[in-house]
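Peer 1: Any chance you could fold what I've pasted below:
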Amino acid sequence: MNFDHCKIYTVNLDRDKYQMLIEFSELFDSIMFEILQPEDATPVEELDKETNKVIVFDDIKLDNKNMNNIKEDFSLSRNKKCNFIYLTQSYYDIPKYIRRNRKCFITFAGLDSKDIRHISDDLSKGIGRKELGNIYRQTTLESGV
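Peer 2: Numbering: from 1, shown residues only. From the prediction side, this is the model:
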């Protein structure tokens, strides 16, 4: 999907990677990038319906009020041409509502047995925990990610 606007919500606004991304995006007139505090998230009802958007929540832990707003975004944004990405170091820390309303799931090396158990319980159909754990370890070891 092509997008016109990308908002990244993070508590670490000054990370080098975000500053590089903003500088890089200035080379392209057609894409707008914003790096914002999670508390400044635009309510879903205020999102523009005409432009394609990607909104990223980068490893944030929020109070219940703000987390409820993010949950609302995940469930009500489909008619707003919006795709959400929720980045985290732990599958277990992702609120259950967001885990269940995702379109896809990508993982890299570094998950612990608790995360693998939750992934198995939530996502694996017909594959046991042990087998899923073996597949995970084998694929992340081989790929180096």
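Peer 1: Pull the residues that contact the longest helix along the chain.
Peer 2: Across the chain, the longest stretch assigned as helix under DSSP state H is helix 129-143. Under the contact criterion C-beta atoms under 8 Å, 6 or more residues apart in numbering, helix 129-143 has outside partners 107-111, 113, 116-117, 119-121, 124, 127. Quick note: C-beta positions are derived from backbone N, CA and C, even for glycine.
Peer 1: ditto for stretch 85-93
Peer 2: Identification of contacts with stretch 85-93 by C-beta under 8 Å, 6+ apart yields 54-59, 61, 70, 74, 94, 98-99, 102, 107, 110-112, 114-115, 118-119.
Peer 1: run the last query once more with 6 Å
Peer 2: For stretch 85-93, the surrounding residues in contact (C-beta atoms under 6 Å, 6 or more residues apart in numbering) are 56-59, 94, 98, 114-115, 118-119.
Peer 1: which among those gets closest to Glu45?
Peer 2: Using C-beta to C-beta, Phe57 comes nearest to Glu45 of the contacts of stretch 85-93, at 18.1 Å.
Peer 1: and the closest one, what does it touch?
Peer 2: Contacts of Phe57 (C-beta under 6 Å, 6+ apart): 9, 86.
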